[in-house]
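Quick one: sequence and predicted model below, then my questions.
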Protein chains: 2
Amino acid sequence: MLIKNIGEFGLINRIKKLIKTDASVVKGPGDDCAVIKFSKDKYMLFTSDMLVEGVDFTGKDRPYLVGRKAIAVSVSDIAACAGLPRYCLVSVGMPGNTSVDFIDKLIKGMFHFAEKYGINIVGGDISRARQLTIDVSMLGIVEKKNLALRSGAKIGDIIFVTGKLGGSILGKHLRFTPRLKEARFLVKNFRVNSMIDISDGLTQDLGHILEESSAGAIIYEDLIPISKQARNLHDALYMGEDFELLFTVSTYEAKKLYRKKLTGFKPIGEIVDKKYGLRLVDKRGKEKLIKPKGFRHF
Amino acid sequence: MLIKNIGEFGLINRIKKLIKTDASVVKGPGDDCAVIKFSKDKYMLFTSDMLVEGVDFTGKDRPYLVGRKAIAVSVSDIAACAGLPRYCLVSVGMPGNTSVDFIDKLIKGMFHFAEKYGINIVGGDISRARQLTIDVSMLGIVEKKNLALRSGAKIGDIIFVTGKLGGSILGKHLRFTPRLKEARFLVKNFRVNSMIDISDGLTQDLGHILEESSAGAIIYEDLIPISKQARNLHDALYMGEDFELLFTVSTYEAKKLYRKKLTGFKPIGEIVDKKYGLRLVDKRGKEKLIKPKGFRHF
């Protein structure tokens, strides 16, 4: 049996079974970041993301933007837990015939972006490899009271996204702004019940919230903000790498949020009982059960 | 100009120039771990190591041992700073046609080893890749008073190693025991001025201590413990992946260490003024200047 037969999530489930963590680990695998006890009022967030040429970027993409993305995806994970990124390590595997100019630009993309977010690049590793491979591991900090996880969605919650979805592959995946500011604004002013970043596609990532929260959801075609780059609703539902945040708050908090008249937060549906699964209401008001799906490595 | 033209250390020096860290970073790149402020009496240690098929292991190596090694190399980095490993993330890139059985064994090798050392594997990332690539990032903790760095060697210090050197490629690199116990014993009982783990070869890693400490060294052929697997002195001086610790202590502390009659710590030379460079005294008592060298990716 091969990895491509059991698939990415089959593999993750096999690994999860082996995990044993001690009492200092608040949340192990299964969220955007691991959450570790840190101080009386703060947790540490710990996350890593591996970018591989031909998967997360192509040999034709500008190296500066590839470096930028390598840092940005981890910042997005920290944002999804509502923390602040602080430190990172960068491991890079590359062929010996990579040009120095290419690597200089890649590194500049990383450093400029890290600096903008107050992140210290404190080290890493370099290896020979056939394919350009970048793994960034990042440490962040979050106040205990502000931590947002995938697992807190409650029946009746309103589901929001922070921006337009779909078609990211045409360019946004290399230039996106992680929704760090938005995440911090949210947790400081509202009670966020659950949050995730949309890296694999709206339905797949909403599916993670539903699974971790033991809940169902109804989303409305009319409400889903579709980006100009998306060809259609399908792209907005199933394409990866939007890096918008998806979050849920109670109706009470949702009303508070509406009242602020902010354009950056779009309600797209609500959390319902698990037994309803994930449902999409189309423009004619017809409801159908849909399957969470999106980008998968295998 | 290509990466293989400027070499691994040429590349590292380019990157180092870009590094700016804030006051919470005690030590950025240039040591076995980054050192970050943590609490009144403790620092956090942060390190990552990328293992690539065909570089750090072969397709014929037992996957259980490859997984074990992926964790062990980072434990060795934490040991070199005299800390205790606590948490890690594992990013794995692999082809879709990798067998599930192979990955099961790889993962078991990781988990068994991590458990033995009280390390929480708290997450990671999975990606499609052409070559099996494993990047482990690890967090450790060290008491401020116990931190050991490469940069503290002083003229007159005695240089020690924790075991026999050379020929690791014949098997030890997959089965080595990181010298965590030894490191902790040392810093709890002696004042260690500098320490590094020998990952790239004795002279290259001693070279790092000399560079960071602005010092020179004389080592004695007669004193260098050569492993059975090494073909000759050359292997012991220049081959990588021994994962023994190399450390220096004052003559006063060295005498205290001798008095304990422990077999695990072998003196091999002494720290001298920088102007002498690195010198080897052969069996006939003849001294010659040698160049630090060892494993390089490019």
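Yes, it's here. Please read these numbers as outputs of a predicted model, since none were measured by experiment.

Show me how the record splits chain A into domains.
What automatic domain parsing lists as the domains of chain A is A:23-145, A:148-289.

show me the contacts for the residue in chain A sticking out farthest from the centre.
Ranking residues of chain A by C-alpha distance from their mean position (CA atoms, centre = their mean) puts residue A:97 at the top, at 33.0 Å. Residues near residue A:97 by CB atoms under 8 Å, 6 or more residues apart in numbering or on different chains: B:2-4. For glycine as for every other residue, the C-beta is placed from the backbone atoms N, C-alpha and C.

Of the residues you listed, which is the most crowded?
residue B:3 (22 neighbours; other CB atoms under 10 Å in any protein chain shown).

Surely that residue is in contact with residue B:11?
Yes: the pair residue B:3 / residue B:11 is scored as a contact, 6.0 Å apart, by CB atoms under 8 Å.

shared neighbours, those two?
Residues touching both residue B:3 and residue B:11 (CB under 8 Å, 6+ apart): A:100, A:103, B:298.

from the residues you listed, which is closest to residue B:284?
residue B:298 (36.6 Å; CB to CB).

Where does pLDDT dip in the stretch 1-150 of chain A?
Residue ranges of the stretch 1-150 of chain A with pLDDT under 70: none are present.

where do the strands sit along it?
For the stretch 1-150 of chain A, strands defined by DSSP state E, counting those that start in this stretch occupy the ranges A:25-27, A:34-37, A:42-52, A:84-94, A:120-128, A:133-143.

among those, which is nearest residue A:200?
Nearest of the strands of the stretch 1-150 of chain A (CB to CB): strand A:42-52, 12.3 Å.

which other helices and strands contact the closest one?
Strand A:42-52 sits against strand A:34-37, helix A:63-80, strand A:133-143, strand B:84-94, strand B:120-128, strand B:133-143, with contacts defined as 3 or more CB pairs under 8 Å, 6 or more residues apart in numbering or on different chains; DSSP states H and E.

buried stuff in the third one?
By neighbour count on 16 or more other CB atoms under 10 Å in any protein chain shown, the buried set for strand A:133-143 is A:133-142.

Against which helices or strands is that strand packed?
Counting by 3+ CB pairs under 8 Å, 6+ apart, strand A:133-143 packs on strand A:42-52, helix A:63-80, strand A:84-94, strand B:42-52, strand B:84-94, strand B:133-143.

CA-only coordinates of the fifth one in CSV, if you can.
What follows is strand B:84-94 as a C-alpha-only set of coordinates in CSV (Å, rounded to 0.1, in the frame of the first residue of the first chain):
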residue,chain,number,x,y,z
LEU,B,84,16.9,19.6,27.7
PRO,B,85,14.8,18.9,24.6
ARG,B,86,11.1,19.4,25.1
TYR,B,87,9.0,19.9,21.9
CYS,B,88,9.4,19.2,18.3
LEU,B,89,7.7,19.6,14.9
VAL,B,90,8.3,17.2,12.1
SER,B,91,7.9,18.3,8.4
VAL,B,92,8.1,15.4,5.9
GLY,B,93,8.3,15.7,2.1
MET,B,94,7.9,12.4,0.2
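
Need the residues that contact whatever helix or strand residue A:196 lives in.
For residue A:196, the element it lies in under DSSP states H and E is strand A:192-197. In this structure, residues lying in contact with strand A:192-197 by CB under 8 Å, 6+ apart are A:32, A:76-77, A:79-82, A:148-154, A:157, A:178-179, A:183, A:186, A:205-206, A:208-209, A:212-213, A:243-250, A:253.

Filter those residues down to the ones in helices?
Judged by DSSP state H, helices contain the following of the contacts of strand A:192-197: A:76-77, A:79-80, A:183, A:186, A:205-206, A:208-209, A:212-213, A:253.

where in the stretch 151-298 of chain A is pLDDT low?
Along the stretch 151-298 of chain A, no part satisfies pLDDT under 70.

what bridges to the residue nearest to residue A:129 when sequence neighbours are not counted?
The shortest distance from residue A:129 to any non-neighbouring residue, by CB to CB, 6 or more residues apart in numbering or on different chains, is to residue A:93 (3.0 Å). Counting by DSSP bridges, residue A:93 is bridged to residue A:127, residue A:133.

before we move on, back to that, the strand holding residue A:196 pairs with which strands?
Here, using DSSP bridges, strand A:192-197 pairs with strand A:245-249 (antiparallel).

relative orientation of the strand it pairs with and helix A:63-80 in degrees?
Relative orientation of strand A:245-249 and helix A:63-80, computed by axes from the mean of the first three to the mean of the last three CA atoms, to 10 degrees: 10 degrees.

now the contacts of residue A:97 in CSV, with distance to chain A?
Shown next, in CSV, are the contacts of residue A:97 (distance: CB to the nearest CB, whole Å):
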residue, distance to chain A
B:2, 5
B:3, 5
B:4, 4
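
and those residues, which of them are in helices?
Short answer: those in helices (DSSP H) are B:3-4.

nearest to residue B:41, of the contacts of residue A:97?
Nearest to residue B:41 among the contacts of residue A:97: residue B:3, at 41.6 Å, using CB to CB.

What's the separation between residue A:116 and residue B:296?
33 Å (CB to CB, to the nearest Å).

So those two - more neighbours on which side?
Higher neighbour count among residue A:116 and residue B:296: residue B:296, with 15 against 12, using other CB under 10 Å.

Could you tell me how many residues sit around the closest residue to residue A:76 other than its chain neighbours?
Leaving out its chain neighbours, the residue that sits closest to residue A:76 by CB to CB, 6+ apart is residue A:178, at 4.1 Å. When neighbours are defined as other CB under 10 Å, residue A:178 has 24 of them.

From residue B:294, how far off is residue A:178?
As judged by CB to CB, residue A:178 and residue B:294 stand 39 Å apart.

Smallest gap between the stretch 151-298 of chain A and chain B, at which residue?
In the stretch 151-298 of chain A, no residue comes nearer to chain B than residue A:297, which is 4.4 Å away by CB to the nearest CB.

Residues of the stretch 151-298 of chain A that sit close to chain B?
With CB under 8 Å from any CB of the partner chain as the criterion, the stretch 151-298 of chain A comes near chain B at residues A:297-298.
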